[in-house]
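>>> here is a sequence with its predicted model. Questions after.
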Amino acid sequence: MTSTLAPFPAARPRRLRSSAAIRNLTRETELSVNDLIWPVFVRDGEGLEEPVPSMPGVLRRSVDRVVQAATEAYALGIPAICLFPYTDPSLKTEDCAEAWNPDNLCNRAIRGIKAAVPDLAIMTDVALDPYNINGHDGFVIDGEIRNDETVDALVKMTLAQAEAGADIIGPSDMMDGRVGAMRSALEGRGFHNVKILSYSAKYASGFYGPFRDAVGASGALKGDKKTYQMDPGNSDEALRMIARDLREGADMVMVKPGLAYLDICHQVKREYRVPTFAYQVSGEYAMIQAAAQNGWINGEQVMLESLMAFRRAGCDGVLTYFAPQVARLLNG
């Protein structure tokens, strides 16, 4: 791009940085409460809030406390939350049947939130790892993560969540063909307005460790997820996966993790011009919190700067554990 700047001193770019008022007038990218989705962990019990040691400030909440948190989020103007279950190990099985139990943790939480704050959008996670005794996102048969059998289970999980009142279905499993199967099932059952925000470009990343602690999947996981999550070296593949999920009926798409994959976020938005999201995952959150607690960085400044990076890369919104803290700051 050819520069349009006049030579110095006619052009002094610092003029546009000279005061807060001028900086506000000329800022290219804004961060708003409307850009936030808050991931929340739900556990069994009543009146419980349990810290996640590897994610300072993040709690596992019983359903009643999740409803309370959702009410607070709605009051802050956060438009959506995303539910993730911490499943009792006794309910984890080879067949993962708890995943589509109408009365499982997530489905109870959905109904409770909808009764308390019906206008708050609820996003769910669709993958088998919280319910799988093997810790994988899909069925493990003879040592292989099986695609087609898993998709059938994910459809049952999707319908159970839609029936409970979920607004947005979030398939995070990376099985082939799952978005098309989910969309067909939702249409067939009359859930025409349930949205799919697909984890379309989800990488086999080292940034997920604290999350697996939060949902109790770390100890259960046997092997790794590299046969279904994407290789971190691939970007063309990410575009193919986005295109596939859009053809199959995804309304919105996601890149995960976030900060290490801003180039992918930018390419996706530039190429497809569809609602594009990123997940600021547990490892990113934990690193910022750890450095802030040690006094190595200004945590509040870095938190906001990191979220602005997603917006600048083209993301329409971000899943972030910082959502309530950011909302309070942006609300003044």
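Nice, I can see it. Numbering: from 1, shown residues only.
>>> next one: residue 150 relative to residue 86, how far apart?
21 Å (CB to CB, to the nearest Å). (C-beta placed from N, C-alpha, C; glycine too.)
>>> where does the stretch 201-332 of the chain have low pLDDT?
216-220 (pLDDT under 70).
>>> distance between stretch 271-281 and the chain's centre?
11 Å (CA atoms, centre = their mean, to the nearest Å).
>>> ok, back up a step: which of residue 150 and residue 86 has more neighbours?
Between residue 150 and residue 86, counted using other CB atoms under 10 Å, the more crowded position is residue 150 (26 against 20).
>>> how near is that one to residue 95?
In terms of CB to CB, residue 150 sits 11 Å off from residue 95.
>>> could you point out the longest helix of this protein?
helix 147-164 (DSSP state H).
>>> tell me which helix or strand comes right after it.
Following helix 147-164 in sequence order, the next helix or strand is strand 168-171 (DSSP states H and E).
>>> common neighbours of residue 150 and residue 95, please.
With contacts taken as CB atoms under 8 Å, 6 or more residues apart in numbering, the residues that reach both residue 150 and residue 95 are residue 139.
>>> what segments of the chain are helices?
Using DSSP H, the helices found in the chain span residues 20-26, 63-76, 105-116, 147-164, 178-188, 209-214, 236-248, 262-272, 282-293, 299-313, 323-330.
>>> packing partners of the fourth one?
Taking 3 or more CB pairs under 8 Å, 6 or more residues apart in numbering; DSSP states H and E as contact, the helices and strands that helix 147-164 lies on are helix 105-116, strand 121-126, strand 139-141, strand 168-171, helix 178-188.
>>> would you mind finding the most buried of the ones you listed?
strand 168-171 (a mean of 25; mean count of other CB atoms under 10 Å).
>>> how close does the closest residue to residue 249 other than its chain neighbours get to residue 318?
Counting by CB to CB, 6 or more residues apart in numbering, residue 183 is the residue found nearest to residue 249 once chain neighbours are left out, at 3.2 Å. Relative to residue 318, residue 183 is positioned 24 Å away (CB to CB).
>>> can you check residue 225 too?
23 Å.
>>> between those two, which one's more packed in?
residue 318 (25 against 21).
>>> so that one bridges to which residues?
residue 36, residue 278 (DSSP bridges).
>>> can you verify my assumption that it contacts residue 307?
Yes. Contact between residue 318 and residue 307 holds when scored by CB atoms under 8 Å: they sit 5.8 Å apart.
>>> what touches both of those two?
When CB under 8 Å, 6+ apart defines a contact, the residues bordering residue 318 and residue 307 alike are 35, 280.
>>> quick one, what contacts residue 285?
Shown in contact with residue 285 (CB under 8 Å, 6+ apart): 55, 58, 210, 320, 321, 322.
>>> turn these into TSV, columns for neighbour count.
Formatted as TSV, the contacts of residue 285 follow (neighbours: other CB atoms under 10 Å):
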residue	neighbour count
55	21
58	23
210	23
320	25
321	28
322	24
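>>> want to throw those residues into a markdown table with distance to residue 274?
Shown next, in a markdown table, are these (distance: CB to CB, whole Å):
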| residue | distance to residue 274 |
| --- | --- |
| 55 | 30 |
| 58 | 30 |
| 210 | 29 |
| 320 | 20 |
| 321 | 25 |
| 322 | 25 |
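>>> who's the spatially closest residue to residue 134 that is not a sequence neighbour bridged to?
Ranked by CB to CB, 6+ apart and with sequence neighbours excluded, the top spatial neighbour of residue 134 is residue 140, at 4.4 Å. Following DSSP bridges, residue 140 is listed with bridge partners residue 145.
>>> which of the helices of the chain sits closest to residue 37?
Among the helices of the chain, the nearest to residue 37 by CB to CB is helix 323-330 (7.0 Å).
>>> and that closest one, which residues are buried?
Neighbour-count burial for helix 323-330, with 16 or more other CB atoms under 10 Å as criterion, is recorded at 323, 324, 325, 326, 327, 330.
>>> return that helix as CSV; C-alpha atoms alone will do.
Output of helix 323-330 as CSV, limited to C-alpha atoms (Å, rounded to 0.1, in the frame of the first residue of the first chain):
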residue,chain,number,x,y,z
ALA,A,323,-15.5,-11.5,30.6
PRO,A,324,-17.0,-10.2,34.0
GLN,A,325,-13.8,-8.3,34.9
VAL,A,326,-13.7,-6.7,31.4
ALA,A,327,-17.4,-5.9,31.5
ARG,A,328,-17.0,-4.1,34.8
LEU,A,329,-14.1,-2.0,33.4
LEU,A,330,-15.9,-1.2,30.2
